[in-house]
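> Next one to model:
(chains A and B)
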Amino acid sequence: MTRAEEQRLIQRAAAGDREAAEVFLRANQASLYAYMMRLCGRPDVAMDIVQDAFVRVLTNLNRFDPKYRFSTWLFTIARRLYLNSVQKMSPTFSSEVVGASIENSPVGYRSDSELGVAVRDDLQRALMSLSLEQREILILFHQQDWPIWLIAQHLEIPEGTVKSHLHRGRKRLKELITSRADTLRHVQEVWS
Amino acid sequence: MSAPAWGNDGRSRKPDGPEETREKKTGEIGARQLVDMYFDGTISPAARTALDAKLEREPELRREVRATKRVIEKLRAPVGAPDMSDEILRRVAEINGFASAKTRRRVWGARLAVAACLLGVLGTAVTLRTMYPEAPIWASDPAPVSDASGGPAAAHGARTITSAVDAIASKPAGGRHVIAAIPLRPALKLGGSAKYDPKLNWRVAPIPSLASGGAILPGTLAVFKPDGGETAMAVPGSALAGVIPEVGPATTIRPNRTEAVLKLDRPWWLWSVEEKPAPPAQSSAKSDK
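Now for the predicted structure:
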């Protein structure tokens, strides 16, 4: 979607056009949910925040600053909502959805698909072990394909700091996942 | 990001080991930095060649890069997102409500109409401002007006002013003689007050009747003394017939300076009349004329 198209859609949505609002929803909800899911590790919290963020944005379109992209604004609102929710409660990551099968098996998975789920769960565990800044920067850079300068603007920190967090976070994430995979492999060998 | 071409042999490497120290000393780009540049997507062709060479030599580095790539791929894997559109749109509709296309067209029509009105008002204001550059912007209380003595003659009322001055000058009263009448800006609404030069603090205020008992009638120019109330000169409406159809209820005075609000053709004009004792000879000469 070009910026001109985005502007037209925003004007239509601000004027109460349901279809225009729906276009924004369809275009952004998956990426926002993925970002929030990886950030907080809890599907229920991620859903709540995504919904709240969209409601806020779509009911305040007249306050949208056209010098930014709509998605950037949306992510900023969602991030603030997440930080507020973190202050109210400590969202601990839930393995119910991403790794339910682990509970039923001593090894943690029984099929290839479950293996995938378990590995993804490992990724989430590892992500949650990182600091919020590292986690968020990794997600925005590698999952959302945001450039460094945009992440710096979004988080209101210098680009050098973003790079530093990115490099350390990536290294740490790899170490965490590798060490957990080694442990799982060892357990699997013992049980088989 | 394409996968680096690297072999299986090579030396093992520890981060920040002697090799890295050597690289720092010699100005070479370290392996860690090269890997970061590679994953950041900022690696240059030359640096990429250097990284490939390092990966050829260092299996540990190779494993690290492979593991990091796998992690990034997992991070990029899609997360099954539930469709929340209906719920979100329902909540938005509760707050804002969605308008039908017809309603939206009406809203836009109304906005355009308002914009057109505003443009019309603005255009009128600009036109009036061009025609009457000295006019006060706000007809409020008080509104600034320049000093009467320095007020420029308004071309708009020149004929009327000349006639009025002639009429006034031909009827001296109380030993005073009007020697000049300076038109100022259009005055404010009837009965209102206006502040002129802030230093002088002149004011126009409604005066329903003269201290001497005579009323200010339409068509009469009344001039007052500065110390209040007493009539210095009153020109009957007949003398100003066709010139000043209506006299405003207000005067403003300071020594040797008199003001009156007159309604001429349409706008209210503030007139300032400076008076000085008239030489008897001149006075009689004019009277003779």
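> From here on, just use CA atoms for contacts and neighbour counts.
Noted.
> Name the residues of chain A found near chain B, please.
A:15-18, A:21-22, A:25-26, A:29-30, A:33-34, A:37, A:47, A:51-52, A:54-55, A:58-59, A:120, A:123, A:139, A:142-144, A:167, A:170-171, A:173-174, A:177-178 (CA under 8 Å from any CA of the partner chain).
> give me that answer again for 7 Å
Residues of chain A found near chain B (CA under 7 Å from any CA of the partner chain) are A:15-18, A:22, A:25, A:30, A:33-34, A:51, A:54-55, A:58-59, A:120, A:142-143, A:167, A:174.
> for chain B, what's the longest helix?
As assigned by DSSP state H, the longest helix anywhere in chain B is helix B:101-131.
> packing partners for that helix?
Helix B:101-131 sits against no helix or strand, with contacts defined as 3 or more CA pairs under 7 Å, 6 or more residues apart in numbering or on different chains; DSSP states H and E.
> all strands of chain A, in order?
Ranges of strands in chain A, per DSSP state E: none exist.
> Run a quick neighbour tally on B:Trp108.
13 (other CA atoms under 10 Å in any protein chain shown).
> now it: how far from A:Arg12?
As judged by CA to CA, to the nearest Å, B:Trp108 and A:Arg12 stand 11 Å apart.
> ok, now A:Gln124?
38 Å.
> more crowded one of those two?
Between A:Gln124 and A:Arg12, counted using other CA under 10 Å, A:Gln124 has the larger neighbour count: 25 against 17.
> Return the residues in contact with the more buried one.
A:38, A:41 (CA atoms under 7 Å, 6 or more residues apart in numbering or on different chains).
> Likewise for A:Leu81?
Going by CA under 7 Å, 6+ apart, A:Leu81 touches A:Ile49.
> Then A:Leu61?
A:10, A:14.
> Can you read off the pLDDT for it?
Looking at A:Leu61, its pLDDT reads 84.
> Same check on the one 3 residues further on?
We have a pLDDT of 84 for A:Phe64.
> pLDDT weak spots in chain A?
Scanning chain A with the threshold set as pLDDT under 70 gives A:89-120, A:192.
> Does B:Leu34 touch B:Leu51 like I think?
Yes - here B:Leu34 lies in contact with B:Leu51, judged by CA atoms under 7 Å, at a distance of 6.0 Å.
> Which one's more surrounded, the two?
B:Leu51 (27 against 21).
> Next, count neighbours for A:Arg26.
With other CA under 10 Å as criterion, A:Arg26 counts 13.
> Equivalent analysis for the one 5 residues further on, please.
Number of residues near A:Ser31 (other CA under 10 Å) recorded here: 19.
> OK, contacts around the closest residue in space to A:Met37 that isn't next to it in sequence?
Closest residue in space to A:Met37, ignoring its immediate chain neighbours: A:Ala46 at 5.2 Å, by CA to CA, 6 or more residues apart in numbering or on different chains. Shown in contact with A:Ala46 (CA under 7 Å, 6+ apart): A:33, A:36-37, A:40.
> what's the answer for A:Val162, then?
A:137, A:148, A:152.
> what would those residues look like in TSV with neighbour count?
Formatted as TSV, the contacts of A:Val162 follow (neighbours: other CA atoms under 10 Å in any protein chain shown):
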residue	neighbour count
A:Ile137	28
A:Ile148	20
A:Ala152	18
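> With respect to A:Phe64, which of those is nearest?
Distances from A:Phe64 to these, taken as CA to CA, are shortest for A:Ala152 (20.0 Å).
> What's the separation between the closest residue in space to the closest one that isn't next to it in sequence and chain B?
The shortest distance from A:Ala152 to any non-neighbouring residue, by CA to CA, 6+ apart, is to A:Glu159 (5.2 Å). Separation of A:Glu159 from chain B (CA to the nearest CA, to the nearest Å): 13 Å.
> okay, now B:Leu119: neighbour count?
Neighbours of B:Leu119 under the rule other CA under 10 Å: 12.
> Check the gap between it and B:Leu128 for me.
Taking CA to CA, one finds B:Leu119 at 14 Å from B:Leu128.
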